[in-house]
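Novice: got a predicted structure here, sequence first:
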Amino acid sequence: MQKNAMGVVRFIITILLSMSGLMAGFNVQAGTRADDQAVIIQGKNDPEADKLWAILHQVTEHLDERMQENSSPAHINNILMQDCETPNPNSFLVMALQAEARNKQSNPGLSVRGAYTNQTLRDNIDDSNAYLELSWEILRQGYRGNKQQADNLYRQAKIEALRGRIRRFNKTYRCRRYQLNETFVGLQASLVSLKLELMEPVYQVERRAYFKGWSYLDELLVSEQDIKLAREELKYLNSDSHWNDALMQSVNPAAVDVDMPAVIEAIRKDQQVEKLSQLLKQSLKGKNRYRSNNRLRFFLRKEFDVSGRGSRNGVAAGVKFIIPLEKKNRKSLSYRLRQVEEEAELQNWERIARTRAAYEELREQKARVIKQQYRYLRSKERVRRVFVRKGLNQDLELAAAVARVRSLFDASIELVKAKEELYRRANEIFLVARVDYNPAYIKIQPMQENNNRARIGERSIYIWAKTFNSLGNQQIFDFLEAKSIKRILLSAGKKADRAKMSEFIRQARVKNIQVEIIVGSNTWFMPEQHERASLLAITKSEITGSIHLDIEPHTVAGYKQNKQIYLDDYVSMLGKIRDGLVDSKLSVAVPTHWPAAVYAKINALVDKVYIMAYENKNTDVLVRRVKKVLANVDINKVVVVLSVKDFDDEWAMEKALNVLQRDTGIYQFGFHQLRTFLQKAGVRR
């Protein structure tokens, strides 16, 4: 019985194994792939995958360069103040009306009249007569009437000039609306080209994965779709010479907002509508006068006795007038005048109402820009982590890396499109408000603020030679990016790896990271060392154009007894070095306990003052000490340096920095030093 049972079990296991092998063969087609996320599989020593990793690095670096934000007011004003020459037919109408007015004005109402009559048609008696008359019309179609009509034509010319200005506003801002696309098309084309540069090799690798049974057709179609869309977009942009100049420009402008109270105030102060209303009312009153049916004419007539009978022959002078006996109703004019006033009030109300509505649309678009910006930042952070893990040789799916970079491109392109629409809506505000563009109305709101990665202020860090030599350059850059550090104080002593340092400085320039070279010995302040100190400082400044003096006379023996002498010598040394540095930057590290007068002298000689706020994590004490220095040094020069070892963790340091910024206004901070920071993070070197 037991043998039969064992035989049945073996039979079932055999069947199951056979079925599993069969299912494995149909795994892709049946939709039961073992790893649904492994679209691109990288094996060991896979040259295609290695090549794709290199492309990922390259396109990501280029993307980061393209997406650097330009917050220059001049650049933003150029976008919103683009020249827009359009036909202005209204100007010819104004000139025509002015010409008609001059013609009317030059017509005094004089005319020559004449007549000849013959009554022989009735009988045979010749009673012919004739006359020639000089007439002077005074009222309608005469001297006063023509003057009134000329005045009204001049008013009509002014009316059309004002209307033309309003139409020119509309045409200019509409034209700028069309031209805004040219501002952003270069950046969009650049991003699409980079994405295509990535997706073409990705498609080939995914195609291989599909035919090897590692992925599904629908996943391959995603890459195919991206390639087709990118090619169609680039084909369109390169097929029309209209885009040629725009494609050469690739700039990512900062987001903007509009100072609505200022725009509304400008609308209320604008007298265009009021002037137009006054001219229209004057025109209505003027037309009412010269269109009157009253007539008055003076004449001088010479009569001729054509028949020779002597009945009519001589000179006559006289006056003729017509006064229609009619009852005039003035209500029509008053209604028309009231209609003009109401129209002006309506226009002013409508301008403000439409401007407020346009601003609401801008606010909605600004919210979309902010959302897209943070989508972009999230994607960028995920890509950064992918490359950090790759650099640490951690297990990674190449498919996941491709997906992350693809998502970053999509977020970048959508962000640029959102900004383009934001600028279009800002332009729309000036269109409906009908006010001249003024840079003062624009509030630049850069998204890449100084609190990147949830950190406030600008940050720097000390890196000593031993730590620098023990870390790869990319590892250091990964750390700097993670901690939002844009400035390094780097030791360039004898122990520093020169070749590694040269390459690091080259890469730092590309990444817009400032490097200050640390130089100095605590004895340099002594007068006999000043010449040597100046020579070495000048030599080292040629490396990056910026040096940092780490000289602490208060640590030298005899400081307490010779404090003033040592500090005077220190200031003299700074003056000597400053004189030798032509275009290079000079910074120093100082404690918090020197006399105020010394800080004031240092302030006049250096570009930055690093305050060594060490050995105390009590924020009240730190603030008090820093304020003492700040009273004598420009705030833009001050960098408060905290010692990492003084704090339990990074959160404790962040809280201290927030208090320092709140209570002192300082926005530049430093850390001493990289090795301790890494140890706090659990990295041992």
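Specialist: Ah, there it is. This one's a predicted model, so the numbers in the text were calculated from it and none came from an experiment. Numbering: from 1, shown residues only.
Novice: where does pLDDT dip in the stretch 351-500 of the chain?
Specialist: Low-confidence segments of the stretch 351-500 of the chain (pLDDT under 70): 447-451.
Novice: please redo it, this time with the cut-off set to 80
Specialist: 392, 446-453 (pLDDT under 80).
Novice: how about the strands in it?
Specialist: Per DSSP state E, counting those that start in this stretch, the stretch 351-500 of the chain carries strands over the ranges 442-445, 458-463, 487-491.
Novice: tell me what the longest one is packed against?
Specialist: With contacts defined as 3 or more C-beta pairs under 8 Å, 6 or more residues apart in numbering; DSSP states H and E, the secondary structure elements packing on strand 458-463 are strand 487-491, strand 514-519, strand 638-643, strand 668-672, helix 674-680. The way it works is simple: take the backbone N, C-alpha and C, and place the C-beta from them, glycine included.
Novice: okay, the ones you listed in TSV with mean neighbour count and distance to Gly164 next?
Specialist: Written out in TSV, the entries for the helices and strands packed on strand 458-463 read as follows (neighbours: other C-beta atoms under 10 Å; distance: least, C-beta to C-beta, whole Å):
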stretch	mean neighbour count	distance to Gly164
strand 487-491	24	55
strand 514-519	22	54
strand 638-643	22	56
strand 668-672	23	54
helix 674-680	19	66
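Novice: where does this structure have its least confident helix or strand?
Specialist: helix 27-30 (a mean of 33; mean pLDDT, DSSP states H and E).
Novice: quick one: the helices in the stretch 401-550 of the chain?
Specialist: Here the stretch 401-550 of the chain has its helices, by DSSP state H, counting those that start in this stretch, at 465-470, 473-482, 498-510, 530-544.
Novice: among those helices, which comes closest to Asn616?
Specialist: Nearest to Asn616 among the helices of the stretch 401-550 of the chain is helix 465-470 (24.1 Å), distances taken as C-beta to C-beta.
Novice: packing partners of the closest one?
Specialist: Helices and strands touching helix 465-470, by 3+ C-beta pairs under 8 Å, 6+ apart, are strand 487-491, helix 498-510, helix 674-680.
Novice: any chance of those in JSON lines, with distance to Tyr614 too?
Specialist: Conversion of these to JSON lines gives the following (distance: least, C-beta to C-beta, whole Å):
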{"stretch": "strand 487-491", "distance to Tyr614": "15"}
{"stretch": "helix 498-510", "distance to Tyr614": "26"}
{"stretch": "helix 674-680", "distance to Tyr614": "12"}
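Novice: for Asn427, find the nearest of these.
Specialist: Short answer: helix 498-510, nearest of the helices and strands packed on helix 465-470 by C-beta to C-beta, at 35.2 Å.
Novice: Three-state assignment for Thr592, please.
Specialist: coil (DSSP: H, G, I helix; E, B strand; the rest coil).
Novice: so what's it closest to, chain neighbours aside?
Specialist: Nearest non-adjacent residue to Thr592, counting by C-beta to C-beta, 6 or more residues apart in numbering: Arg625, 3.9 Å away.
Novice: contact partners for the one you found?
Specialist: Applying C-beta atoms under 8 Å, 6 or more residues apart in numbering, we find Arg625 in contact with Thr592, His593, Ile611, Ala613, Asn616.
Novice: quick check on those residues: which are buried?
Specialist: Thr592, Ile611, Ala613 (16 or more other C-beta atoms under 10 Å).
Novice: quick check, nearest of those to Val383?
Specialist: Nearest to Val383, judged by C-beta to C-beta, of the buried ones among the contacts of Arg625 is Ala613 at 35.4 Å.
Novice: what does the pLDDT read for that closest one?
Specialist: Looking at Ala613, its pLDDT stands at 96.
Novice: measure it to Ile543 for me?
Specialist: 28 Å (C-beta to C-beta, to the nearest Å).
Novice: pLDDT score assigned to the nearest residue to Lys275 once chain neighbours are set aside?
Specialist: Distance criterion C-beta to C-beta, 6+ apart; nearest residue to Lys275, sequence neighbours excluded, is Leu162 at 6.2 Å. Listed pLDDT for Leu162 reads 86.
Novice: Leu162 and Leu276 touch, don't they?
Specialist: Yes. Between Leu162 and Leu276 there is a contact under C-beta atoms under 8 Å: 4.8 Å.
Novice: ok, those two, which is more surrounded?
Specialist: Leu276 (21 against 18; other C-beta atoms under 10 Å).
Novice: who does Ile442 form a beta bridge with?
Specialist: Val258 (DSSP bridges).
Novice: circling back to that earlier point, Throw the helices and strands packed on strand 458-463 into a markdown table and include distance to Glu428, thanks.
Specialist: Formatted as a markdown table, the helices and strands packed on strand 458-463 follow (distance: least, C-beta to C-beta, whole Å):
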| stretch | distance to Glu428 |
| --- | --- |
| strand 487-491 | 41 |
| strand 514-519 | 40 |
| strand 638-643 | 43 |
| strand 668-672 | 39 |
| helix 674-680 | 49 |
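Novice: these: lowest mean pLDDT?
Specialist: helix 674-680 (a mean of 91).
Novice: tell me where the stretch 551-685 of the chain has strands.
Specialist: Under DSSP E, counting those that start in this stretch, the stretch 551-685 of the chain gives strands at 585-590, 608-613, 638-643, 668-672.
Novice: gap between Ala465 and Phe671?
Specialist: Distance from Ala465 to Phe671, by C-beta to C-beta: 17 Å.
Novice: for the helix ranked longest in the chain, what is the distance to the chain centroid?
Specialist: When the chain is parsed with DSSP state H, its longest helix is helix 143-211. Relative to the centre of its chain, helix 143-211 is centred 17 Å away, using C-alpha atoms, centre = their mean, to the nearest Å.
Novice: need the next SSE after it, C-terminal direction.
Specialist: helix 217-239 (DSSP states H and E).
Novice: can you list the buried residues in that following helix?
Specialist: Applying 16+ other C-beta under 10 Å to helix 217-239 flags Glu219, Leu220, Val222, Ser223, Asp226, Ile227, Ala230, Glu233, Leu237 as buried.
Novice: which of those sits closest to Ala189?
Specialist: Nearest to Ala189 among these, with distances taken as C-beta to C-beta, is Leu237, at 5.2 Å.
Novice: from what I can see that closest one touches Val185, true?
Specialist: Yes. In this structure, Leu237 is within contact of Val185 by C-beta under 8 Å, at 6.5 Å.
Novice: identify the contacts common to those two.
Specialist: With C-beta under 8 Å, 6+ apart, Leu237 and Val185 have common neighbours Trp243, Leu247.
Novice: re the thing from before, any chance of a markdown table for the strands of the stretch 551-685 of the chain, columns distance to Ile461?
Specialist: Converted to a markdown table, the strands of the stretch 551-685 of the chain look like this (distance: least, C-beta to C-beta, whole Å):
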| stretch | distance to Ile461 |
| --- | --- |
| strand 585-590 | 13 |
| strand 608-613 | 11 |
| strand 638-643 | 9 |
| strand 668-672 | 5 |
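Novice: what's the closest of the helices of the stretch 401-550 of the chain to Ile352?
Specialist: helix 473-482 (47.1 Å).
Novice: need the contact partners of the closest one.
Specialist: Outside helix 473-482, the residues that reach it (C-beta under 8 Å, 6+ apart) are 384, 387-388, 391, 453, 461, 463, 468, 485-486, 488, 500, 503-504, 507-508, 511, 513, 674, 677-678.
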